[in-house]
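Undergrad: based on what follows, work out the 3D shape:
(one chain, ligands or ions: 1)
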Amino acid sequence: MNIVLLGSPGSGKSFVGGKLENEYGLMHISTGNLLRKNDTLLKAHNIDLSNGDLVSDELVFTLLKEHIKNNPANGYILDGIPRTIEQAIDLEKFFDVDTVLFLNVTDNTVISRLMNRYVCKDCGKLKPADEPAEIKVCNLCGGELVKRTDDNYDIIKHRIEVFKNHNEPLKQYYTVQHKLNTVNANLKPDTVYKKVQKIIGAVKSNDNKNRKGRPVHEVCR
Ligand SMILES: [Zn+2]
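TA: Just a heads-up that it's a prediction; the model follows:
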């Protein structure tokens, strides 16, 4: 099963993605980790992310195809791809989107979450949303948890606006395809994930029914 995750920064995409990965044997691919893991390829294209260099759609898609080919899984969760309708159309040429989860949060939720979030200074991993506040070290490498410099009020407001501008057309695009599932993601992480499980369960049972007698096409499933 292939899932597209939509949601603003702070909507809980990495939490939900991680849970889905463990429960269903899917692979969570975010644009960020895709780029970080493909350092050599970026260097070959003279792109230095720490300089703020932008990566073209074409290159992101090349990396994504390679990554899928080299990492077989029961399915993939895309986070940060597609960002535009053009990308959504291009994606369909090699990737079957079974369902789309939109983690819907209010501006206030995003602001309060991002102002209070921590990342590992050493490995960059986000502190899990369900981890108690008193924990001050990374659960992966033991590194110190710090605030991100771009998690301040003005930058957050700006990121919310940028997200909305990109997301509205995509939401409409996937609504027309009957693939969009909107989840109230203002709730506690575990409650949000329970809602997600229900949606995935329904998609899976529908999928099994529909697949009988339907030609199987060879896309990344
Ligand atoms: Zn760490």
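Undergrad: contact partners for residue 120?
TA: For residue 120, the contact set (C-beta atoms under 8 Å, 6 or more residues apart in numbering) comprises 126, 127, 138, 140, 141, 143, 144, 145, 146. Just so you know, the C-beta spots here come from the backbone N, C-alpha and C atoms, and that holds for glycine as well.
Undergrad: and the pLDDT for the residue nearest to the spatial centre of the chain?
TA: Geometric centre of the chain, nearest residue: residue 79, 2.1 Å, by C-alpha atoms, centre = their mean. The score at residue 79 is 94. That number is its pLDDT.
Undergrad: leaving out chain neighbours, which residue sits closest to it?
TA: Distances taken as C-beta to C-beta, 6 or more residues apart in numbering place residue 30 nearest to residue 79, at 4.1 Å, with adjacent residues excluded.
Undergrad: circling back: which phi and psi does the residue nearest to the centre of the chain have?
TA: Main-chain torsions, residue 79, degrees, to the nearest 10: phi -130, psi 110.
Undergrad: distance of residue 83 from the ion?
TA: 27 Å (C-beta to the ion, to the nearest Å).
Undergrad: with residue 160 instead?
TA: According to C-beta to the ion, residue 160 stands 27 Å off from the ion.
Undergrad: re earlier: burial measure for the residue nearest to residue 79, as a count.
TA: 17 (other C-beta atoms under 10 Å).
Undergrad: helix or strand right after the one helix or strand in the chain whose mean pLDDT sits lowest?
TA: Here the helix or strand of the chain ranked lowest by mean pLDDT, DSSP states H and E is helix 39-44, holding a mean of 77. Next helix or strand after helix 39-44 toward the C-terminus (DSSP states H and E): helix 57-70.
Undergrad: so how far is the least confident helix or strand of the chain off the chain centroid?
TA: Distance of helix 39-44 from the chain centroid (C-alpha atoms, centre = their mean, to the nearest Å) equals 22 Å.
Undergrad: for stretch 33-48, same thing?
TA: Distance, centroid of stretch 33-48 to centroid of chain: 19 Å (C-alpha atoms, centre = their mean).
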